[in-house]
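**Student:** Provide a 3D model corresponding to the input given below.
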Amino acid sequence: MNEETQNAAAAQDAGAQFTIQRIYTKDVSFETPNSPAIFQKEWTPEVKLDLDTRSNKLDQGVFEVVLALTVTASIGEETAFLCEIQQAGIFTIAEVEEVQLAHMLGAFCPNVLFPYAREAVSNLVNRGTFPQLNLAPVNFDALFAQYMQQRTAQADQVTADA
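**Tutor:** Have a look, this model is predicted:
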């Protein structure tokens, strides 16, 4: 059993509630600034993926989580395409401790949203007539752990400076 499954099982045992109310595309953009000239070049792109997540409390125990992806494909100095997706979801999360809530908002919910964002990117790239692009899976648990370590290190630095 992986850590995500264990966390979900522990949440269920403790009377915690987790429900997906809705998953939706909040914003989408696809640009090909150097077309049609870019189609004449050999397709050897450098693909860059930027990720960001944010959450908003909508009501007691109800949260919106937004996963923002920006995919940029470049050939040399020229941008072949720029694809931006904000995949969002409304989740009910109740009866969990603050630390577990932070993990669910920062890692578990983005894990739920990523396949939808990945499919949207793939479809947009395909409609732009570029070769298929399948984004590799993302370990949001590791990213969240890294973020928490950075916050702890920053807090320790502030305490040491005081």
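
**Student:** going forward, measure contacts and count neighbours with C-alpha atoms only.
**Tutor:** Noted.

**Student:** just the helices in the chain please.
**Tutor:** Assigned by DSSP state H, the chain shows helices spanning 3-13, 98-103, 109-127, 140-161.

**Student:** looking at this structure, which strand is longest?
**Tutor:** In the chain, assigned by DSSP state E, the strand with the most residues is strand 78-94.

**Student:** would you mind listing where this protein has pLDDT under the threshold?
**Tutor:** Scanning the chain with the threshold set as pLDDT under 70 gives 1-14, 162.

**Student:** pick out the residue nearest the middle of it.
**Tutor:** For the chain, the residue nearest the mean C-alpha position is Leu67 (3.8 Å; C-alpha atoms, centre = their mean).

**Student:** what residues are up against the closest residue to that residue other than its chain neighbours?
**Tutor:** Once flanking residues are discounted, Leu67 sits nearest to Thr53: 4.6 Å by C-alpha to C-alpha, 6 or more residues apart in numbering. Listed by C-alpha atoms under 8 Å, 6 or more residues apart in numbering, the contact partners of Thr53 are Val65, Val66, Leu67, Ala68, Gly106, Pro110.

**Student:** which of the residues you listed are buried, as a PyMOL select command?
**Tutor:** Here is the PyMOL command that selects the buried residues among the contacts of Thr53 (16 or more other C-alpha atoms under 10 Å):
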select buried, resi 65+66+67+68+106+110
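
**Student:** of the contacts of Thr53, which belong to strands?
**Tutor:** Secondary-structure check on the contacts of Thr53 using DSSP E: residues within strands are Val65, Val66, Leu67, Ala68.

**Student:** OK, contacts around the second one?
**Tutor:** Right, Val66. Counted by C-alpha under 8 Å, 6+ apart, Val66 has contacts Thr53, Arg54, Ser55, Gln86, Gln87, Ala88, Gly89, Pro110.

**Student:** what is the burial count for the residue lying closest to it once chain neighbours are set aside?
**Tutor:** Using C-alpha to C-alpha, 6+ apart and skipping the chain neighbours, the partner closest in space to Val66 is Ala88 (4.3 Å). By the criterion of other C-alpha atoms under 10 Å, Ala88 has 27 neighbours.

**Student:** let the chain start at 483 from now.
**Tutor:** Happy to do that; since the first residue is 483 now, the last one works out to Ala570.

**Student:** quick check: Ala570 vs Gly588, distance?
**Tutor:** 13 Å (C-alpha to C-alpha, to the nearest Å).
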